[in-house]
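*Asks:* 3D model of this:
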Amino acid sequence: MTERELKLLLDARALKLVQIHYAVMSQGYMIVADGKPLETGKRDTREFKTLDAAAKLLFKLGVADFGVKLRTSV
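*Replies:* You can find the predicted model right below:
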């Protein structure tokens with residue numbers, strides 16, 4: 001889902017879970033909303049170099065309550 005689609009879902013209160021996941025392959029972070037990653041306009045997964053950068057975007061979109069998942073396997 002793109003940033004625009006995420007904003008529309010947030011405005012409609014249609015999202016249950018928003019998380020920031022650590023992406024091991026890219027050595028960065030990605031935003032996942034209801035199991036779907038945030039994507040660029042070209043439908044590539046949008047990656048953030050820092051946790052702070054991902055959190056800033058979520059705050060900008062109006063998300064103040066989100067989880068952070070640093071480990072993908074347990």
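
*Asks:* Where do the strands of the chain begin and end?
*Replies:* Ranges of strands in the chain, per DSSP state E, are 18-23, 28-33, 36-37, 67-69.

*Asks:* which of the ones you listed sits most buried?
*Replies:* With neighbours defined as mean count of other CB atoms under 10 Å, the strands of the chain peak in mean count at strand 28-33, which reaches a mean of 21. For every residue, glycine as well, the C-beta is placed using N, CA and C.

*Asks:* tell me what it is packed against?
*Replies:* Judged by 3 or more CB pairs under 8 Å, 6 or more residues apart in numbering; DSSP states H and E, the packing partners of strand 28-33 are helix 3-11, strand 18-23, helix 51-61.

*Asks:* center of the protein - which residue?
*Replies:* Ile31 (1.5 Å; CA atoms, centre = their mean).

*Asks:* Touching, that residue and Glu47? I think so.
*Replies:* No. If you go by CB atoms under 8 Å, Ile31 and Glu47 don't touch, sitting 9.6 Å apart.

*Asks:* ok so, going back, so which of the helices and strands packed on strand 28-33 gets nearest Arg71?
*Replies:* Nearest to Arg71 among those is strand 18-23 (7.2 Å), distances taken as CB to CB.

*Asks:* mean confidence score for that closest one?
*Replies:* Mean per-residue pLDDT for strand 18-23: 94.
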